[in-house]
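Peer 1: Kindly generate the corresponding structure for this input.
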Amino acid sequence: MIATETVILINHKQVGVDEFNAPTYENVQKAISDVIVGSPTFDQQVTEFNLSGKRLAFILGIPKGDKNDWEDSTVLIRGKKFKTYGPPLEQTEANVPLRWNKQVKVERFT
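Peer 2: Purely as a prediction, here's the structure:
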């Protein structure tokens, strides 16, 4: 059995415009259940830091059918803030035998 968690995805959404016709934004929170919160290996951490300069904290396994925008979003995991980076790696659902077909990288965000 694979243990999963519920994480909170926070996206920055445009909700309107102000009196100067500039866009106004609001943070929208959404609970996402059945997410795998995986710890990267030391090699993954070193490689990611060398390639992108980011300190990889977790790799999230996102359930099949998820249509949320994970790119450059904030995620609350176990009560702490993390920032997603890079495009999610998504596999074809039919080719993945388990319930998760998307991977999202996160770094610690304070």
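
Peer 1: can you pull out the strands in the chain?
Peer 2: In chain order, the chain shows strands spanning 5-17, 23-38, 56-63, 74-77, 80-90, 100-108, with DSSP state E as the criterion.

Peer 1: out of these, which comes closest to Gln45?
Peer 2: Among the strands of the chain, strand 56-63 comes nearest to Gln45, with 5.1 Å by Cβ to Cβ. The C-beta positions use only the backbone N, C-alpha and C, and glycine is treated the same way.

Peer 1: Going by contacts, tell me the helices and strands next to that closest one.
Peer 2: strand 23-38, helix 42-52, strand 80-90, strand 100-108 (3 or more Cβ pairs under 8 Å, 6 or more residues apart in numbering; DSSP states H and E).

Peer 1: Could you export the strands of the chain as JSON lines, including mean neighbour count and distance to Val46?
Peer 2: Listed next are the strands of the chain as JSON lines, based on neighbours: other Cβ atoms under 10 Å; distance: least, Cβ to Cβ, whole Å:
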{"stretch": "strand 5-17", "mean neighbour count": "13", "distance to Val46": "25"}
{"stretch": "strand 23-38", "mean neighbour count": "13", "distance to Val46": "17"}
{"stretch": "strand 56-63", "mean neighbour count": "20", "distance to Val46": "9"}
{"stretch": "strand 74-77", "mean neighbour count": "18", "distance to Val46": "22"}
{"stretch": "strand 80-90", "mean neighbour count": "16", "distance to Val46": "16"}
{"stretch": "strand 100-108", "mean neighbour count": "20", "distance to Val46": "14"}
